[in-house]
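Student: Give the three-dimensional model of this entry:
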Amino acid sequence: MINHTFSNDTIAAVATAPGTGAIAVIRLSGPEAISITNAVFAGKNLLNQASHTIHFGTIRDGEKVLDEVLVSLFVAPHSYTRENVVEVSCHGSDFIVQQLMQLFLKKGARLANAGEFTKRAFLNGQFDLAQAEAVADLIASDSALSHEVAIKQMRGGFSQEIKRLRAELVHFASMIELELDFGEEDVEFADRDQLRTLILNIQSIIRELLKSFELGNVIKNGVPTVIVGKPNAGKSTLLNKLLNEEKAIVSDVPGTTRDFIEDEINIGGITFRFIDTAGLRETTDKVEKIGVERTHQKLSQSSLIIYLFDITTSSPEEVQTEIEELNPKKLPLLAVANKIDEASAALLSAFGNMENLVQISAAEGANMEALKQALMDKVNLGKLNTQQQTIVTNLRHVDSLNKTYSALDDVLNGLALGMSGDLVAADIRRALYSLGEITGEITTDDLLDNIFTKFCIGK
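Tutor: The predicted model follows:
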C-alpha cells in the first residue's frame with residue numbers, strides 16, 4: 001500500500017443537515033478533540049471521563065453562555081475515526097451552530113474537508129476503501145434494497161470476497177517469485193495446472209460480480225423510466241396515479257404537456273424515476289415541437305420505456321408499428337393499454353394475445369398493482385438475495401474487476417505459451433494491483449481525494 005500523510009490536527013464540522021431543527025450535532029475528531037471541547041464546556045471535566053459517555057452542561061465563550069448541550073465522548077481508538085471524537089448536541093438554531101463552530105475553530109480545531117472523518121477512519125484502519133465508499137451509499141440510500149446492499153458492503157461482505165481472491169493469487173505469486181530465486185536450479189514451486197484452475201475459478205467469480213452490477217446499478221441509482229405515447233393517451237393521468245398526487249396537468253386538449261415532468265416512487269424496494277413526456281405527434285407549434293424533440297432525447301437516456309396508448313382509438317397492428325419505430329435500440333419496453341373502462345369486450349379481446357401488455361384505466365386506478373408488478377418484472381431482479389449474494393454497485397469497482405480479468409487472461413495465455421516465470425509473475429502482479437485498488441490495499445492520494453470529496457462535510 002502507498003503511504004499517505006496522516007494529519008495530527010483536530011477537525012470539526014456540523015454533522016447534521018443544514019437548516020433549522022430541534023437539535024444539531026457538531027463533530028470533532030483528532031488528538032485535541034476532547035481538550036478543545038473541555039476548554040469551553042462548563043460541567044464535568046471531560047478529560048477525566050470514560051469513553052462512550054454523555055455529559056450535560058453549557059458551552060461558554062468566556063463568561064457568555066452560548067447554549068446548553070449534551071457532549072458525547074469517544075476516546076481513541078474506540079471511535080469511528082479511531083481518534084478522540086466528540087459529538088456536541090446543541091439546539092438547532094443556525095445562529096447557535098455558527099457560534100459554537102467559530103468557538104471550536106478559535107480554540108484550535110480546523111474545519112473538516114468533505115469526507116475527512118471517513119477518510120481518517122480508512123487511513124487509521126477502521127475499514128477498507130470499499131467499506132468506506134459504502135458509507136456514502138448508505139447515507140444516499142432511498143429504498144429498502146439500496147439500504148440493504150449498502151449495509152452489507154459497509155460490514156465487509158464485498159471486501160471479504162475480494163480479499164479471499166487476492167490471498168489465493170498472492171500465494172501463487174510468491175511461489176513463482178521463489179522459483180526466480182532458484183532460476184539456475186530449474187525448480188518449480190508453483191503447480192501450473194493448479195494455477196490455471198485457480199485463475200479460471202477467479203475469472204468465473206469476477207464474471208458473476210460484473211454481471212451483478214446491472215442489478216446493483218438499478219438498486220443504487222434507480223430506473224429512469226420514460227412514459228411515452230400519443231397526446232391524450234393519459235400519460236399525465238398515469239403519472240399522477242402512480243405518484244398519488246396531482247403532479248402533472250391533466251387536460252383533454254392535445255399538447256398540454258410541452259416539456260417533461262420527473263418524479264420518483266418506490267416499488268418493491270426499487271426506485272423508479274418516472275418521466276412524463278410531451279405527446280408524440282407531428283406539430284407546427286414551435287414550443288410543442290421542442291417538447292417532442294426532448295421526448296426523443298429522454299427515450300435515448302432511459303433504461304425502461306412505458307408506451308401508453310388509448311385502447312379505444314388503437315389497433316394491435318398500429319401499436320406494434322409505433323413501438324418498433326420509437327424503440328430502435330430495443331430497450332426494455334412495457335406496452336400499457338389505457339382507458340379499458342371505455343373499451344368494448346371485443347376490443348379488449350383483440351389485444352388479448354399481445355405480449356408484454358398491461359391493460360389499465362389510469363383515471364379509475366384499475367389494474368395499477370398489475371402494472372407495478374410488470375414494472376418489477378421488467379427490471380428483472382429474479383431471485384435476488386441481498387443477504388447472501390455479493391452485488392457490485394460502484395463503477396470504480398467494475399473498472400478494477402475488468403482490469404483484473406484482463407490481467408488474468410494474460411496469465412492464462414502466458415501459461416499456454418510456456419512463458420518464463422518472471423513474465424507470468426508480472427501479469428499476476430497486475431491482477432493483484434487491480435484487486436488491491438478496490439479495497440484500498442493499493443491506493444494513491446488522487447484516488448482518495450476523488451472518493452472522499454464526494455462525501456458530505458460532516459462525514
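Student: Break the protein down into its structural domains.
Tutor: Structural domains of the chain, as assigned by automatic domain parsing, span the residue ranges 11-127, 136-218+394-440, 231-261+277-379.
Student: Worst mean pLDDT among these?
Tutor: Lowest mean pLDDT within those: domain 231-261+277-379, a mean of 73.
Student: Endpoint to endpoint, that one covers what distance?
Tutor: End-to-end distance for domain 231-261+277-379: 27 Å, by CA to CA, to the nearest Å.
Student: next one: stretch 48-65
Tutor: 23 Å.
Student: now what about it, what contacts it?
Tutor: Here stretch 48-65 makes contact (CB atoms under 8 Å, 6 or more residues apart in numbering) with 40-44, 46, 66-75, 78-79, 88, 90, 99-100, 103. In this view, the C-beta of every residue, glycine as well, is placed from N, C-alpha and C.
Student: And that stretch, what's buried?
Tutor: Gln49, His55, Ile59 (16 or more other CB atoms under 10 Å).
Student: ditto for stretch 141-156
Tutor: Applying 16+ other CB under 10 Å to stretch 141-156 flags Ser141, Ser143, Leu145, Ser146, His147, Glu148, Val149, Ala150, Lys152, Gln153, Met154, Gly156 as buried.
Student: Likewise for stretch 15-27?
Tutor: Neighbour counts over stretch 15-27 (16+ other CB under 10 Å) mark Ala15, Thr16, Ala24, Val25, Ile26, Arg27 as buried.
Student: If any of the contacts of stretch 48-65 are buried, put those into a ChimeraX selection.
Tutor: Applying 16+ other CB under 10 Å to the contacts of stretch 48-65, the buried members can be selected in ChimeraX as follows:
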select :40,41,43,46,66,67,69,71,72,73,74,75,79,88,90,99,100,103
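Student: Mind checking which of the contacts of stretch 48-65 are in helices?
Tutor: Among the contacts of stretch 48-65, DSSP state H puts Val40, Gln99, Leu100, Leu103 in helices.
Student: what's near enough to touch the third one?
Tutor: It stands for Leu100. Contact analysis of Leu100 by CB under 8 Å, 6+ apart lists Ile26, Ile59, Leu66, Asp67, Val69, Val88, Cys90.
Student: quick check, nearest of those to Ser420?
Tutor: Distance to Ser420 across the contacts of Leu100 (CB to CB) is lowest for Ile26, with 59.9 Å.
Student: longest strand in this structure, by residue count?
Tutor: In the chain, with assignment by DSSP state E, the single longest strand is strand 64-74.
Student: That one - which strands sit beside it in the sheet, and in what orientation?
Tutor: Paired neighbours of strand 64-74 in the sheet (DSSP bridges): strand 53-61 (antiparallel), strand 85-92 (antiparallel).
Student: that older thread, farthest-apart pair in the ones in helices among the contacts of stretch 48-65, please.
Tutor: The largest separation in those, counting by CB to CB, is between Val40 and Gln99 at 10.9 Å.
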